[in-house]
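Q: model this:
(one chain, ligands or ions: 1)
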Amino acid sequence: MTVTPHTAWCGRGHHCGLDEHRSKPTTWATPYGAVVATLTQHTQARTAYLELRIRVRIACNETPARRQAADIATDVDGAIRRITRRYTLRQVTQ
Ligand SMILES: [Zn+2]
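A: As a prediction, the model looks like this:
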């Protein structure tokens, strides 16, 4: 078993543990709520991940809230797919 040393962005201390390096979370206040981002990397792998927690103000009534939740999840998924595809294509062409 090979354990990778702390990454440059690892928050160390209580942020790092349970077999993964974790950055200190970064929080952005937004007009709709907040976004909290944390970088993670398994201690035995080189692949890093971005964890996002997004707080979005939505309707109080169930039906419109469910519709908004589905629309938000669909658009977030689409944005991530577009960005990761573009990044992968750029990496291949450089
Ligand atoms: Zn670490």
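
Q: quick check, Ile58 in a helix?
A: No: counting by DSSP: H, G, I helix; E, B strand; the rest coil, Ile58 falls outside a helix, being coil.

Q: quick one: contacts for it?
A: Listed by Cβ atoms under 8 Å, 6 or more residues apart in numbering, the contact set of Ile58 reads 64-65, 68-69, 72. In short, each C-beta sits where N, CA and C put it, glycine included.

Q: mind running it again at 6 Å?
A: Counting by Cβ atoms under 6 Å, 6 or more residues apart in numbering, Ile58 touches 65, 68.

Q: separation between it and the ion?
A: 35 Å (Cβ to the ion, to the nearest Å).

Q: Skipping adjacent residues, who's closest to the one residue sitting closest to the centre of the chain in space?
A: The chain has Glu51 as the residue nearest its centroid, 2.6 Å off, counting by Cα atoms, centre = their mean. Spatially, and ignoring its direct neighbours in sequence, Glu51 is nearest to Thr38 (4.5 Å; Cβ to Cβ, 6 or more residues apart in numbering).
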